[in-house]
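> Here you go, sequence then predicted model.
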Amino acid sequence: MASFENYSIFAPLPLTARGSVFHLNADAKNEKMVYCSGTAVVVRDLANPLNCYMYNEHAGNPTAAAFAPSGFYCASGDKYGKVRVWDTTQETHILKYEGEILGAPIKDIVWSPDSKRIIVVGQGQKRSHCFMWDSGTSCGNVTGHTKDVNAVAHSPARPFRAVTASEDFSLLFFHGAPYKREKSLRTHTNFVNSVRYSPTGATFASVSSDRKAVLYDGKTGDEIGEFKDGETAHSGGILAVSFSSAGDRLMTASADKTVKFWDVETRQVVSTFNAGSDLHDQQLGCLWAGEYVLSVSLSGNINYIDINSNSYARVLRGHQKSIETAVVKDNTIITSSFEGRITKWDAESGDASYFTGPGHKSKIVDCRVKEDTLVSVDIGNTVFRSSIASGEMGASSFSLPSSPKYFDLHETSGLEVYSCVNELVLIRDGNQVGSVKTTYQPNGVAIAPSGSVVAVGDEASPAIYLYDVEGDTLIQRQTLTSAGQSCTELAFSPDGAWLAAAGTQRKLFLFDVNKSYQLVNTSWSSSSRGSSCHFNPSSTLVAFGGIDSNVYICDVSKPMDSPIKIIRAHPQAPVTRVRWRNDNILVSTGNDFQVRQWKV
């Protein structure tokens, strides 16, 4: 049987929170950016963001990451206060150091310019700590704040200077190494959200929820003055700041939905980028990395800004919550996440756009494609029909009588069957045409390619019920109990010869349709509950995935052969959907907010 390779990864977006800074960092060469999302530390090329990789070795969700100036290592911290230092030059990302530093979530990390010392800041009783990364020994004292510390910055050359920014409205300025507090700066009257040094080391700047941005002398820590555009720098709280590579320009990102560019010498605004008018356009982070000027929106979007025209040069879109459903049409992948966001991807370029307009207000439980129409249903019982070409959400076409689990549709006949609470609901052309009451709780639903048979799983028992389609009603004609366990998603092969069922107890079941749905003896097992299964277009391979984070690919002509195992296809996250693009490329999605493609 063939092997597999990773074809592409559509990376997750930053996991943002309203009113909180999101730190986006770059390597010393300004070639890669790093940020945290879900279970992953995400590293992406700045020039081609589709080129990316994930570091998934933290026991708790990572919350901060920064490259060493040498470029050989990355330090990342997690919600438990642990720091891991790992190699960036090899695919295995060998661990170089691990230690529990704060015992609480880490918010920011910075390296000394010689790549020997690390300062971490965050929450907890300790709030900040500095250490030699190769030994873990302390290299000074960077404490003194009375509330959470949001950011830390370090001078780019000797003499070593460091500065921390806190929710106690202050900044602390340190000389080093070893680091020792030199002074406390009380220039703000609200949370100090971020602080960053100029690449030249001559100055550093801080920004705050008090709408002020302040410039300081990089060696003495003395205040130079404020950046002002009217009374204050912005009309809303300022969350992030970043210097240009030459140090003569500065950018600030604000909750007023703008990013402003400043002349450092005059402290006057040069230009303003307006991100939009929606709540999700609030700007929570920014990064000026060589020729690349980036900001992070509350939506999680990473915006490439053209500073000459103050417009979007490019926007990286995707998901920042668990992906629940996926469908494939031609060269387009459509996914939906927990909060109801529907994203349309170009399967090759990775470019993404969102379906717009009023839509789902809750978790989408399943979706299907009929020609150019996306049919989607949410946990609130609402069915939407939307144009794929335009990406506009259609009007709510129908409200189901109860919460659905799965549904399937038959393109030719237009029949849709929804598994609801003790009921199967039949819809044609957006109208309910029938329903079938059941004595069991329907789960997975699959309509045969012929449109004449519907298979329905029982959530609580090892039964699969087969129904004949007669007009606008279903007539039960057979019950399959040979699986021995309940099943989740069901799928017919495109040629109609097979029925697959993802079992809840670590197995994929295959039924031979042409032999009265006889159970085929297979060796296809997983290590946990199955959640999804799907056949490739030629009906030769069936893939399934589950909560063990693995994906399995099985050859229907060789049922006793072990499947291809894609171990940790979605590291530390359950697989939610598997869908074939064509006979050789499989799409998988997971609770890690990622879309991955595998070439078989």
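In hand now; what should we look at?

> low-scoring stretches of the protein, by residue?
For the chain, the stretches with pLDDT under 70 are 1-2, 396.

> Run a quick check on Tyr312 versus Ser297, I expect a contact.
No: Tyr312 lies out of contact with Ser297 (Cβ atoms under 8 Å); the separation is 10.7 Å. Using the backbone N, CA and C atoms, a C-beta is placed for each residue, glycine as well.

> so Ala573 touches Gly38, yeah?
Yes: applying Cβ under 8 Å as the test, Ala573 and Gly38 come out as touching, 7.2 Å apart.

> list the residues that contact both of the two?
Asn591, Asp592 (Cβ atoms under 8 Å, 6 or more residues apart in numbering).

> which residues do Tyr312 and Ser297 both contact?
Both Tyr312 and Ser297 are contacted by Asn303, under the criterion Cβ under 8 Å, 6+ apart.

> which one of those two has more residues nearby?
Ranked by neighbour count (other Cβ atoms under 10 Å), Tyr312 and Ser297 place Ser297 first, with 25 against 15.

> For Asn310, see how far away the more buried one is.
Separation of Ser297 from Asn310 (Cβ to Cβ, to the nearest Å): 16 Å.

> same deal with Ser450?
Distance, Ser450 to Asn310, by Cβ to Cβ: 57 Å.

> ditto for Leu424
Separation of Leu424 from Asn310 (Cβ to Cβ) stands at 54 Å.

> Ok, Arg127 next?
Applying Cβ to Cβ to Arg127 and Asn310 gives a distance of 38 Å.

> Comparing the two, which shows the higher neighbour count?
Counted by other Cβ under 10 Å, Arg127 and Asn310 do not tie: Arg127 has more neighbours, with 24 against 16.

> check contacts around the closest residue to Gly430 other than its chain neighbours.
For Gly430, ignoring the flanking residues on the chain, the nearest one in space by Cβ to Cβ, 6 or more residues apart in numbering is Ser397 at 4.2 Å. For Ser397, the contacting residues are Val383, Phe384, Arg385, Gly430, by Cβ under 8 Å, 6+ apart.

> Return the helix or strand encompassing Ser397 as CSV; C-alpha atoms alone will do.
Per DSSP states H and E, Ser397 falls inside strand 396-399. In CSV, the C-alpha atoms belonging to strand 396-399 read as follows (Å, rounded to 0.1, in the frame of the first residue of the first chain):
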residue,chain,number,x,y,z
SER,A,396,-32.3,31.1,7.0
SER,A,397,-34.3,28.6,5.0
PHE,A,398,-35.7,26.3,7.7
SER,A,399,-35.8,25.7,11.4
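
> tell me which residues in that strand are buried?
For strand 396-399, burial by neighbour count (16 or more other Cβ atoms under 10 Å) applies to Phe398.

> can you check stretch 260-273 too?
Neighbour counts over stretch 260-273 (16+ other Cβ under 10 Å) mark Lys260, Phe261, Trp262, Val264, Arg267, Val269, Phe273 as buried.

> now it, how far from the centre of its chain.
Stretch 260-273 sits 33 Å away from the centroid of its parent chain (Cα atoms, centre = their mean, to the nearest Å).

> So what touches that stretch?
Outside stretch 260-273, the residues that reach it (Cβ under 8 Å, 6+ apart) are 198, 203, 213, 215, 224-229, 233-234, 243, 247-252, 254, 258-259, 295, 305, 307, 310-311.

> out of those, which are inside helices?
Using DSSP state H, no member of the contacts of stretch 260-273 falls within helices.

> Put the buried members of these into a ChimeraX selection.
Buried residues within these, by 16+ other Cβ under 10 Å, are selected in ChimeraX with:
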select :198,203,213,215,224,227,229,233,234,243,247,249,250,251,252,254,258,259,295,305,307,310
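
> Among the contacts of stretch 260-273, which are located in strands?
In this view, the contacts of stretch 260-273 that belong to strands under DSSP state E are 203, 213, 215, 224-227, 243, 249-252, 254, 258-259, 295, 305, 311.
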